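Enquirer: below are the sequence and a predicted model; questions follow.
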Amino acid sequence: MAERVIPLVDQRIAALRAVVPPHAQAPTGHLVDTRGRALRDLRISVTDRCNFRCSYCMPKEVFDKDYPYLPHSALLSFEEITRLARLFLAHGVRKIRLTGGEPLLRKNLEVLIAQLAQLRTVDGLPPDLTLTTNGSLLVRKARALKDAGLNRVTVSLDGLDDAVFRRMNDVDFPVADVLAGIEAAHAAGLSQIKVNMVVKRGTNDHEILPMARHFRGTGTTLRFIEYMDVGATNGWRMDEVLPSAELIARLRAHLPLVPLSPTSPGETAERWGYADASGRHDPALGEVGVISSVTQAFCHDCNRARLSTEGRLYLCLFASQGHDLRSLLRGGADDEAIAAAIGAIWQGRSDRYSELRGSLPADTAMPGAARRVEMSYIGG
């Protein structure tokens, strides 16, 4: 039998060792890139595996039983993740989000959360610890996550219609079990629970209004995400993108909404509050958000860095190359050298893919770069 060839460019193979400046300065708590964007948010992927096969992220025809996932020895240990997180906090990071793949597939994840919860920002405060999950394991894990120190959770849910949801996750997982996971998160005391819905025109856009009505007034914030051209395997097409402006117009035709101010600099979601009879936002009814990285780029104030499960630092969700911090960790580099490498990498950052998308050829990353990394590898 002929040898099977997987037609992917695997960006995990080529090591891109971080460059350590010869005369490094200690972290000051305020690290900015070439466009003046401060580092504030670190997203850490703890696994490249997921138990769903959503077509916009991990299509089954690519991520099949023969897909070469990372071996456990390649993954950063919890101690290595915590060490890097401490150095990122010294550079000014305030929020840490655990992602995947599906992060709850990582065994004993609550041990890592407990370690991260003991860290402190440059202001002496615990970091804002949050996690993004498909919700499939939340019923079993929510209480342990909260007890370990997790602050918040975001659940991915692309519709309430069971047939639509089963088709989109492509593993026949029922929507009722995800809804039960959200209730378990509330019962465990996790605060500010969010639900993210990726909207594909012609696939699940008819679920927008039912989703809004379901979560209105429940204490769960619903956010709609434009279908994005992340990675190179999801078959993205612009005609399947439903612009957020059109989505909000659809909602406002049935539900009164008023615009709300951002809660923090660099926030990706545009906020809309449900209005009362007087036309003012009613906090008891809650809010929705839209994330418009295709039609309304927010590169200008992006403050996020992404750490892959094997320790590569990516500076953009649409990047094609990462910087190898694991080699420094396992090669004997001290904290000063690793912190200096992080600083040099961020200070050289100039990424703004979403602002340039319209001027780039189809199916490419930044000019001169290779194929974009998959979202399942570095998280959303």
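Expert: Thanks, I have it.

Enquirer: any low-confidence regions in the protein?
Expert: The chain contains residues with pLDDT under 70 at 1-25, 229-236, 265-266, 298, 353-373, 375-376, 380.

Enquirer: what ranges do the strands span in the chain?
Expert: Here the chain has its strands, by DSSP state E, at 41-45, 95-99, 128-133, 152-156, 191-199, 221-226, 257-259, 269-274, 287-291, 304-307, 312-314, 323-324.

Enquirer: as CSV, those with distance to residue 117 and mean neighbour count would be great.
Expert: To be clear about C-beta, it is placed using only N, CA and C from the backbone, and glycine gets the same treatment. Formatted as CSV, those follow (distance: least, C-beta to C-beta, whole Å; neighbours: other C-beta atoms under 10 Å):
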stretch, distance to residue 117, mean neighbour count
strand 41-45, 14, 24
strand 95-99, 10, 23
strand 128-133, 6, 22
strand 152-156, 13, 22
strand 191-199, 15, 20
strand 221-226, 23, 21
strand 257-259, 34, 15
strand 269-274, 25, 20
strand 287-291, 26, 22
strand 304-307, 18, 24
strand 312-314, 22, 25
strand 323-324, 26, 22
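
Enquirer: out of those strands, which is closest to residue 168?
Expert: Across the strands of the chain, residue 168 has its closest neighbour in strand 191-199 (8.5 Å, C-beta to C-beta).

Enquirer: so how far is the closest one off the chain centroid?
Expert: Relative to the chain's own centre, strand 191-199 is displaced by 12 Å; criterion: C-alpha atoms, centre = their mean, to the nearest Å.

Enquirer: any idea where the helices of the stretch 251-380 of the chain begin and end?
Expert: 326-330, 335-347, 353-356, 375-378 (DSSP state H, counting those that start in this stretch).

Enquirer: so of those helices, which one's packed in deepest?
Expert: Among the helices of the stretch 251-380 of the chain, ranked by average contacts under mean count of other C-beta atoms under 10 Å, first place goes to helix 375-378 (a mean of 26).

Enquirer: between the two ends of stretch 263-281, how far is it?
Expert: Start-to-end span of stretch 263-281 (C-alpha to C-alpha, to the nearest Å) is 15 Å.

Enquirer: who touches that stretch?
Expert: The contact list for stretch 263-281 (C-beta atoms under 8 Å, 6 or more residues apart in numbering) reads 37, 40-41, 216-217, 223, 244, 248, 251, 255-262, 282-283, 285-293, 296, 298, 301-304.

Enquirer: residue contacts, the closest residue to residue 32 other than its chain neighbours?
Expert: Nearest non-adjacent residue to residue 32, counting by C-beta to C-beta, 6 or more residues apart in numbering: residue 38, 5.2 Å away. Residues near residue 38 by C-beta under 8 Å, 6+ apart: 30, 31, 32, 92, 303.

Enquirer: roughly how far apart are the nearest residue to the first one once chain neighbours are set aside and residue 310?
Expert: Right, residue 30. Distances taken as C-beta to C-beta, 6+ apart place residue 92 nearest to residue 30, at 5.3 Å, with adjacent residues excluded. Look at residue 92 and residue 310: by C-beta to C-beta, to the nearest Å, they are 24 Å apart.

Enquirer: residue 84 is nearest to which of the strands of the chain?
Expert: When the strands of the chain are compared (using C-beta to C-beta), the closest one is strand 304-307, at 6.6 Å.

Enquirer: which strands and helices sit next to the closest one?
Expert: When contacts are defined as 3 or more C-beta pairs under 8 Å, 6 or more residues apart in numbering; DSSP states H and E, strand 304-307 packs onto strand 41-45, helix 78-90, strand 312-314.

Enquirer: 10 Å instead?
Expert: Applying 3 or more C-beta pairs under 10 Å, 6 or more residues apart in numbering; DSSP states H and E, we find strand 304-307 packed against strand 41-45, helix 78-90, strand 95-99, strand 312-314, helix 335-347, helix 375-378.
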